[in-house]
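1. Provide a 3D model corresponding to the input given below.
(one chain, ligands or ions: 1)
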Amino acid sequence: MQPKTGNSGDRITETACGMLNAIGLENIGVERFLSDELPILQKLDATVIVNIFGNNQSDYAALAAKLDDVAGITALEINISCPNVKAGGIQFGTDPETAAKLVAAVRKKTSLPLITKLSPNVSDIVAVARAVEEAGSDALSLINTLLGMAIDLDRKKPVLGNVTGGLSGPAIKPIALRMVYQVAQAVSIPVIGIGGIVSSRDALEFLLAGATAIEVGTASFINPRIAIEIVKGIENYLDDQEYDRVTDFIGSLTNSLI
Ligand SMILES: Cc1cc2nc3c(=O)[nH]c(=O)nc-3n(C[C@H](O)[C@H](O)[C@H](O)COP(=O)(O)O)c2cc1C
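-> So this is what the prediction gives:
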């Protein structure tokens, strides 16, 4: 609802096969988003999904109400999984009951499709997935970043100003694939796969695991056009393999060894 400056000090550092970030959800607030950013997005031939977070449950609900009938917004993605802020984010995403209450509160305030973004920093992601499905989420997206840390040996200090940060990129892909696979089998709403996708082959693996869509984060820092290239790569693969529809491919992973 309000602008947020994010965390101080260094906020991004590269790691083996990935990166750690502790941005702390810096953003310009909903009023300036609506006046300055949304008009630019509306002019593009693209679907706009707004990722929302709040400091408490009523913040999330107020934001959902505010965005409900705004032209040009297709869906809301509720972030209950940011590991880099003290209030909001992950505090709502680690306990199934708390997550469900939050989703139910947001559900009451909007008729837009709701995607709940899940955290991998839990012992049982399926329990959270089932709880938010029950509470009215229309889809799930997973995973957000894994809580990590980098240390500067020479300075004997943590690299990030926030000390800990969220690990993303190819390093987390096996964990993301496993979680998408488990969740897709446990719920009946669509699952969006996220985590370390840098190519169309990575994306196709997530589709095989049961995801019906994917998101790309870290790879966009290397190549901002990567999402478009991934879409083309998926199309080429499905054509080569003579699939008429992507839905015939989704979830078609075989467990057979022969
Ligand atoms: C710099 C940075 C900022 C991020 N900010 C957000 C955010 O505001 N909301 C959110 O739900 N996820 C955020 N994420 C998490 C990503 O959307 C994604 O879930 C995660 O990075 C794993 O995907 P990837 O390996 O493709 O980056 C952020 C990730 C990075 C690297």
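
2. contact residues of the chain facing the ligand?
-> Counting by Cβ under 6 Å from any ligand atom, the residues of the chain close to the ligand are 21, 23, 25, 51, 79, 82, 117, 144-145, 168-169, 172, 194-197, 216-219. Yep, even glycine has a C-beta here, placed from its N, CA and C like the rest.

3. redo that, cut-off 8 Å
-> Applying Cβ under 8 Å from any ligand atom, one finds that the chain approaches the ligand through 11-12, 18-19, 21, 23, 25, 27, 51, 53, 77, 79, 81-82, 117, 141-145, 166, 168-170, 172-173, 176, 194-198, 215-221.

4. buried subset of those residues?
-> Among these, those classed as buried by 16 or more other Cβ atoms under 10 Å are 11, 18-19, 21, 23, 25, 27, 53, 77, 79, 81-82, 117, 141-145, 166, 168-170, 172-173, 176, 194-198, 215-219.

5. neighbours of residue 16, how many?
-> 7 (other Cβ atoms under 10 Å).

6. which SSE is the residue in the stretch 151-258 of the chain that the ligand sits nearest to in?
-> Using Cβ to the nearest ligand atom, the closest approach of the stretch 151-258 of the chain to the ligand is made by residue 217 at 2.6 Å. Secondary structure assignment for residue 217, by DSSP states H and E: no helix or strand.

7. residue 53 contacts residue 76, doesn't it?
-> No. Assessed by Cβ atoms under 8 Å, residue 53 is found out of contact with residue 76, at 10.8 Å.

8. where do the strands sit along the stretch 101-250 of the chain?
-> Listed in chain order, the strands of the stretch 101-250 of the chain (DSSP state E, counting those that start in this stretch) span 114-117, 139-142, 146-149, 151-152, 157-158, 164-168, 191-194, 213-215.

9. other SSEs contacting the fourth one?
-> Read it as strand 151-152. With contacts taken as 3 or more Cβ pairs under 8 Å, 6 or more residues apart in numbering; DSSP states H and E, strand 151-152 sits against strand 157-158.

10. including mean pLDDT and distance to residue 228, could the strands of the stretch 101-250 of the chain go into TSV?
-> Below are these laid out as TSV (pLDDT from 0 to 100; distance: least, Cβ to Cβ, whole Å):
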stretch	mean pLDDT	distance to residue 228
strand 114-117	98	21
strand 139-142	98	20
strand 146-149	97	27
strand 151-152	98	36
strand 157-158	98	36
strand 164-168	97	20
strand 191-194	98	17
strand 213-215	98	13
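
11. what's the closest of those to residue 245?
-> In terms of Cβ to Cβ, the element of those nearest to residue 245 is strand 213-215, at 14.4 Å.

12. sorry, back to before: tabulate the strands of the stretch 101-250 of the chain (TSV), appending distance to residue 69.
-> Formatted as TSV, the strands of the stretch 101-250 of the chain follow (distance: least, Cβ to Cβ, whole Å):
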stretch	distance to residue 69
strand 114-117	15
strand 139-142	20
strand 146-149	36
strand 151-152	48
strand 157-158	44
strand 164-168	33
strand 191-194	24
strand 213-215	24
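
13. of all these, which one is nearest residue 45?
-> Closest to residue 45 of the strands of the stretch 101-250 of the chain, according to Cβ to Cβ: strand 213-215, at 17.6 Å.

14. given that closest one, what are its sheet partners and their directions?
-> Partner strands for strand 213-215, per DSSP bridges, with pairing direction: strand 191-194 (parallel).

15. now do the partner strand: distance to the chain's middle.
-> 8 Å (Cα atoms, centre = their mean, to the nearest Å).

16. for the stretch 151-258 of the chain, which segments count as helices?
-> Secondary structure of the stretch 151-258 of the chain (DSSP state H, counting those that start in this stretch): helices at 173-186, 200-208, 219-222, 226-240, 246-249.

17. shouldn't residue 26 be in contact with residue 5?
-> Yes. Using Cβ under 8 Å, residue 26 is in contact with residue 5, at 6.0 Å.
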